[in-house]
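Colleague: here is my input; please provide its structure:
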Amino acid sequence: MVDVGTGLLGIGAGLAVGLAGLATGWAQKEIGSSAIGAIAENEALFGKGLVMLVIPETIVLFGFAIAFLLMGKM
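Modeller: Residues are numbered from 1 along each chain as shown. Just a heads-up that it's a prediction; the model follows:
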């Protein structure tokens, strides 16, 4: 039988990954559209735009790490 604390840890782990994924998607949408506009004006900005587009992925990795730590306490 699972107690309430374990269920709350599961909900917290799911929220950590889910909300981090939503935040990353929103950030990449904003950065991606701005990067495409900048690249359309100056092709030399491709590398910088690509790096800026990849940076929000760390948010998902942090969310996954928190979820992994929470799942370890179950």
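
Colleague: got the buried residues for stretch 54-74?
Modeller: Counting neighbours by 16 or more other CB atoms under 10 Å, one finds that the buried residues in stretch 54-74 are 56, 59-60, 63, 66-67, 70. From N, CA and C alone the C-beta is placed, and that goes for glycine too.

Colleague: what average pLDDT does that stretch get?
Modeller: Across stretch 54-74, pLDDT averages out at 90.

Colleague: how much distance is there from it to the middle of the chain?
Modeller: If you compare the mean C-alpha spot of stretch 54-74 with that of the full chain, they lie 9 Å apart, counting by CA atoms, centre = their mean, to the nearest Å.

Colleague: CA atoms only: put that stretch into PDB for me.
Modeller: Backbone C-alpha positions of stretch 54-74 (Å, rounded to 0.1, in the frame of the first residue of the first chain) are rendered in PDB as follows:
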ATOM      1  CA  VAL A  54      19.900  25.200 -27.100                       C
ATOM      2  CA  ILE A  55      20.500  26.900 -23.700                       C
ATOM      3  CA  PRO A  56      16.800  26.500 -22.500                       C
ATOM      4  CA  GLU A  57      17.200  22.700 -22.700                       C
ATOM      5  CA  THR A  58      19.200  22.900 -19.500                       C
ATOM      6  CA  ILE A  59      15.800  23.700 -17.800                       C
ATOM      7  CA  VAL A  60      14.500  20.300 -18.700                       C
ATOM      8  CA  LEU A  61      17.700  18.600 -17.500                       C
ATOM      9  CA  PHE A  62      17.300  20.300 -14.100                       C
ATOM     10  CA  GLY A  63      13.700  19.300 -13.900                       C
ATOM     11  CA  PHE A  64      14.600  15.700 -14.700                       C
ATOM     12  CA  ALA A  65      17.400  15.800 -12.100                       C
ATOM     13  CA  ILE A  66      14.900  17.000  -9.400                       C
ATOM     14  CA  ALA A  67      12.400  14.300 -10.400                       C
ATOM     15  CA  PHE A  68      15.100  11.700 -10.200                       C
ATOM     16  CA  LEU A  69      16.000  12.800  -6.700                       C
ATOM     17  CA  LEU A  70      12.400  12.800  -5.700                       C
ATOM     18  CA  MET A  71      11.900   9.300  -7.100                       C
ATOM     19  CA  GLY A  72      14.900   8.200  -5.100                       C
ATOM     20  CA  LYS A  73      13.100   9.100  -1.900                       C
ATOM     21  CA  MET A  74      10.100   7.000  -2.700                       C
END
